[in-house]
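J.: take a look and give me a structure for this.
(2 chains)
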Amino acid sequence: MEQYRRIWKERVEEALSAVAEEEGHTIDRDAVAAETPPSSELGDIGFPMFPFARVFRTSPQNIAGKVAERIADRYASASQAPGTVTQEGPYVNAKLDRPSVFANVLDTVLSAPEQWGRTGREEGRRVMVEFSCPNTNKPLHLGHLRNDALGESVSRMLDAAGATVRKVNLINDRGIHICKSMLAYLKLGEGSTPESEGKKSDHFVGDYYVKYEELVRENPKVADEAADLLRRWEQGDPEVMELWKRMNDWAVSGIEESYRATGVTFDQIYLESETYTSGRDEVLRGLEQGVFFRAEDGSVWVDLEDVGLDKKVLLRSDGTSLYLTQDIGTAIARYRDWPFDRLIYVVASEQRYHFQVLFTVLSRLGFEWADSLYHLAYGMVNLPHGKMKSREGTVVDADDLLAELQELAAQEIHNKERADVVGDVPATARSIALGALHYYLLQATPNKDMVFDPAASISFTGNTGPYLQYMGARISSIVRKSHGVQIAPWEELDLSVLSAPEEWDLIKLVSSFPDTVSEAASELNPALLANHLYDLAKLFSRYYHEHPVITNDDPALRGARLALCRAVAHTLRAGLPLIGVPFLETM
RNA sequence: GCGUCCAUAGCUCAGGGGAUAGAGCAACUGCCUUCUAAGCAGUAGGUCCCAGGUUCGAAUCCUGGUGGACGCGCCA
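T.: Residues are numbered from 1 along each chain as shown, chains lettered A, B, ... in the order given. Next comes the predicted model:
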């Protein structure tokens, strides 16, 4: 659709300039804007004439009339983007030649469906995306799910837009939090294992973290013991290292199981235990260069007050690294490992300040690529009845939530008596659960806080993932059943039979799908794509209720409509996975 | 105290200079002998937080308020 807009904008600019010249005016071509009229009846591309009223000293209606008259039928049978132009009030509106658009778009989609939606807008760009970054003291929760959904979706969209994407994870496997779980295990574990308890391994570790919280409430001195464990870990105490390894393996393998279940993958996984001292040398180098300063107690600081930030500590007085120090080190290491044009950190918006500081410090250290760092901040996920608070036990566990959604989906399959048709009920229920979850998390603008309502997400009516999956399944069913019906071959199809308004609106939505993908990719906003696919599904749903496809009497109409159905199906098939929603043939 | 982000229908969210501000949920009314009713159509629901400003034109941009969230650790 984008190319049509470009071509017609050019034509309108030319006509407007010509009219202006005849009347002795000059216009600013940049003031010509291509917009979308509120309904297809008015036209397909609209050009408001308001900005030119002043130079012409007449009404926009008047100008629109003259411009429209000049263009009118001039391009009615142009070889490229044929169509006509009308005046609609103060607007000049282009109406595309429908059969040629149908032919064009359908041919593009159907001849290379696996390429549909893939563009070259980000061609040649190397983009690293960091996301997830779990702690190893407890399993993933709902907040991680938003993070993972965003990271995956943004990565897939960038890939579809032609970028070379590298997904990285940084597992926070060291520090006081894991020592707390370790301590509780030492006190209460009695050699038990996830296997002996029959628990998913990361939940097993997480349970000891909860037990630690109970222990420290009873006896605050337990905190000192945890700190002591951390000291022994840092000294490399073999006994502590052995336990640390064991518990980390449990935590990480459990988390990886969750990744597999949700379709999350990484190209590289960094471990904090291997990177936590990095950045120290960089800070010392910065100190020598006079970028930083040393306080009396030996700690190293950066003063960012001139750019509206604070003074921040970069090295403790004992010379050890902090979170910020480590992030400096890992950023540098990553650029060395895989030079990027852009590094996107998918991290909660609470850490905005941290990233401002990080980016500024890297820039002051002289890394010109510091400008390519971007913090994709996303808002908190709240629950209908308030916030998630670990102390109040209202944190929604990722695995539990997914299991609950899957159960609800399975029930629904049975209620609708679809089990026989669907075949593998658990697998289908799992796909529906994922679709529900990911669509709900991604249809909201990343930046904003959101309320996650599990019941609403899986609800099978309305603006939900399952609704989109249902439409995909319905079209697939129509396409499947078409095999037993006589259809005119593609070369002989008469596309002018596609005369319903819905058909025209459908093909326009289909044709702008690649534009939406690349826009959503460059804006790093999956919600744009989610909304587009919803509009498409919604419109198709209305359409096929009123317009029989394979049960139609007219073979010409059957063939043309089926081609349109296929194109819509391919669009959903290509688009849904980009927002983490599995495409289903049957449900 | 300072900083960042947010405010649109009863609720959850779209729309981010341009044509009558849109969906979904919830409420009410119709539609299954017909490609899956997990659906479709319809009714009702709005001072786009407030006040100024910029503009031919502001829900959208700017300034100032108000309300809310989150930051401002030798935590991560």
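
J.: flag the shaky bits of the stretch 301-450 of chain A, pLDDT-wise.
T.: Of all residues in the stretch 301-450 of chain A, none has pLDDT under 70.

J.: and the strands in it, which stretches?
T.: Per DSSP state E, counting those that start in this stretch, the stretch 301-450 of chain A carries strands over the ranges A:311-315, A:342-348, A:373-378, A:381-382, A:450-451.

J.: and the second one, what does it pack against?
T.: Taking 3 or more CB pairs under 8 Å, 6 or more residues apart in numbering; DSSP states H and E as the contact definition, the neighbouring helices and strands of strand A:342-348 are strand A:126-130, helix A:142-160, helix A:323-337, strand A:373-378. For the C-beta atoms, the positions are set from N, CA and C on the backbone; glycine is no exception.

J.: let me know which of the strands of the stretch 301-450 of chain A is tucked in deepest.
T.: Comparing the strands of the stretch 301-450 of chain A by mean neighbour count (mean count of other CB atoms under 10 Å), strand A:342-348 ranks first with a mean of 21.

J.: quick one: that one near RNA strand B?
T.: No. Using CB under 7 Å from any atom of the strand, strand A:342-348 never reaches RNA strand B; the gap is at least 7.6 Å.

J.: dump that strand to CSV, keeping only the CA atoms.
T.: Taking C-alpha atoms only, strand A:342-348 is exported to CSV below (Å, rounded to 0.1, in the frame of the first residue of the first chain):
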residue,chain,number,x,y,z
ARG,A,342,22.0,-1.1,17.7
LEU,A,343,21.7,-2.8,21.1
ILE,A,344,18.2,-2.9,22.6
TYR,A,345,17.8,-3.6,26.3
VAL,A,346,14.3,-4.9,27.1
VAL,A,347,14.1,-3.9,30.7
ALA,A,348,11.3,-2.7,33.0
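
J.: what residues does it touch?
T.: With contact meaning CB atoms under 8 Å, 6 or more residues apart in numbering, strand A:342-348 is reached by A:125-133, A:143, A:147, A:150-151, A:154, A:331, A:334-335, A:355, A:372-380, A:524.

J.: so which of these are also by RNA strand B?
T.: A:379-380.

J.: got a markdown table for the strands of the stretch 301-450 of chain A, with distance to residue A:90 too?
T.: Converted to a markdown table, the strands of the stretch 301-450 of chain A look like this (distance: least, CB to CB, whole Å):
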| stretch | distance to residue A:90 |
| --- | --- |
| strand A:311-315 | 55 |
| strand A:342-348 | 41 |
| strand A:373-378 | 40 |
| strand A:381-382 | 44 |
| strand A:450-451 | 39 |
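
J.: from the chain's centre, how far out does stretch A:434-441 sit?
T.: Here stretch A:434-441 shows a centroid-to-chain-centroid distance of 11 Å under the convention CA atoms, centre = their mean, to the nearest Å.

J.: just stretch A:321-341 next, same as before
T.: Offset of stretch A:321-341 from its chain centre (CA atoms, centre = their mean): 24 Å.

J.: stretch A:354-362 too?
T.: Distance, stretch centre to chain centre, for stretch A:354-362: 24 Å (CA atoms, centre = their mean).

J.: report the buried residues of it.
T.: Under the neighbour-count criterion of 16 or more other CB atoms under 10 Å, stretch A:354-362 has A:354-355, A:357-362 buried.

J.: relative to helix A:142-160, how tilted is the helix or strand that contains residue A:556?
T.: In this structure, residue A:556 sits in helix A:555-575 according to DSSP states H and E. If you take axes from the mean of the first three to the mean of the last three CA atoms, to 10 degrees, helix A:555-575 sits at 120 degrees to helix A:142-160.
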